[in-house]
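Engineer: Sequence plus predicted model, see below.
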Amino acid sequence: MYSNFPSGAGYRNSIFYGQCVANGGNFRKYDYGKDANMAMYGQEIPPDFPVDDIDMPIAIFNGNIDPIVLEADVNILIERLGDNVIYHKVIDGDHWTFSMAQDMTWFKEDLVNVLQTYNPTASSSNDNIMQ
């Protein structure tokens, strides 16, 4: 599992994940440092992501034993997204369940159904996924 970890994530991604954990519950853009933030954002502290401005249907899946994405944080996000959250499912698993679990039934039973329900271009060919 860890032979290619963190494959697909660059140095800046790793730094940003750490910033997200360390910034006191604020979901902010990347922190380049005071001077670079001034040049990039016009302020010393990175601005929050405008989560409240999102206006699209969103399905949220989280794990009930995930030590990385805490249930309290998911609930805050759901509250901020409001009626945009069209589906929420808590999966019996942790952070890695979504990418490398042996039991991927949640994918077929939940995710594919959500996509077919809310994507008007979904075709019946999607029925073959995970069979």
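Structural biologist: Happy to help now that I have it.

Engineer: Now the residue of the chain most remote from its centre. Its backbone dihedrals?
Structural biologist: Largest separation from the mean C-alpha position in the chain: Asp35, at 29.1 Å (C-alpha atoms, centre = their mean). Main-chain dihedrals, Asp35, degrees, to the nearest 10: phi -70, psi -50.

Engineer: could you measure it against Tyr41, distance?
Structural biologist: Separation of Asp35 from Tyr41 (C-beta to C-beta, to the nearest Å) stands at 11 Å. From N, CA and C alone the C-beta is placed, and that goes for glycine too.

Engineer: Now do the SS call for the residue nearest the centre of the chain.
Structural biologist: Nearest to the mean C-alpha position of the chain, by C-alpha atoms, centre = their mean, lies Ile60 at 7.8 Å. Following DSSP: H, G, I helix; E, B strand; the rest coil, Ile60 is assigned to strand.

Engineer: Show me what it bridges to in the sheet.
Structural biologist: For Ile60, the beta-bridge partners are His88 (DSSP bridges).

Engineer: so what's it up against?
Structural biologist: Val74, Leu77, Ile78, Val85, Tyr87, His88, Lys89 (C-beta atoms under 8 Å, 6 or more residues apart in numbering).
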